[in-house]
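> quick one, what's the 3D model for this:
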Amino acid sequence: MFDDTTGEQLGIVSIDKARELATQRELDLVEVAPQAQPPVCRLMDYGRYKFEALKKEKESRREHNTINVKEMKLRPKISEHDFQTKFGSVRNFLREGDKVKLTIMFRGREMVHQEYGRRLLDRMADELKEVAIIERNPLVEGRNMIMILSPLAKKHPRSEQREGDRQTREQPATAQVSGNETTQGNEDAKDPNA
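Here you go, the predicted model:
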């Protein structure tokens, strides 16, 4: 048996003696390894232990970023304006840290001219190269051509906002007043009247 509060090992004790020690010290008797011979028990504050475990789990979940996969469907005969609108949406998804699955849908005889779909996907990837990388090259699955883009920066928008707040706190605003003018942050500013 082991006492968590003092860190001392109490050795092999009978179950009645262990219960008595637990009530004296106002702790819980917890069986840690029931398969061992004799079973291993601990004297601990079980409520506090559960609280600490829950707190650690929440902290690890907060650190873990989940990546969503957004899908954008296009047609091979898309107009320029529609392409620009969908391009803007895809760029926003990638900046928010989400992956994007681009799908070109072919109908009827469009399957014969798959190169139009490939050109469209290549153009999208080329225009997004500063914010994304190609995770999966264009691949035909049935009547669809699919490409997956991943964001370059794995930052979450909330973490960027926190960094911006931190930078504004670290840079205190300094002001010098001379006559009618005020200059901020420039200590070498010369007074025109001097």
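> need the longest strand for the chain.
Of all the segments of type strand in the chain, defined by DSSP state E, the longest one is strand 132-141.
> for it, buried residues please.
Burial within strand 132-141, assessed by neighbour count using 16 or more other C-beta atoms under 10 Å, is assigned to 132, 134, 138. For every residue, glycine as well, the C-beta is placed using N, CA and C.
> show me what that strand is packed against.
Judged by 3 or more C-beta pairs under 8 Å, 6 or more residues apart in numbering; DSSP states H and E, strand 132-141 is in contact with helix 114-127, strand 144-151.
> tell me which residues are up against the longest helix along the chain.
In the chain, assigned by DSSP state H, the helix with the most residues is helix 46-63. By C-beta atoms under 8 Å, 6 or more residues apart in numbering, the surrounding residues in contact with helix 46-63 are 28, 30.
> next structured bit after it?
strand 69-74 (DSSP states H and E).
> buried residues, the following helix or strand past that following strand. List them.
For strand 69-74, the succeeding helix or strand toward the C-terminus, using DSSP H and E, is helix 80-95. Taking 16+ other C-beta under 10 Å as the basis for neighbour counts, the residues of helix 80-95 that come out buried are 86-87, 90-91, 93-95.
> ditto for stretch 138-153
Within stretch 138-153, the residues that qualify as buried are 138, 145-151, counting by 16+ other C-beta under 10 Å.
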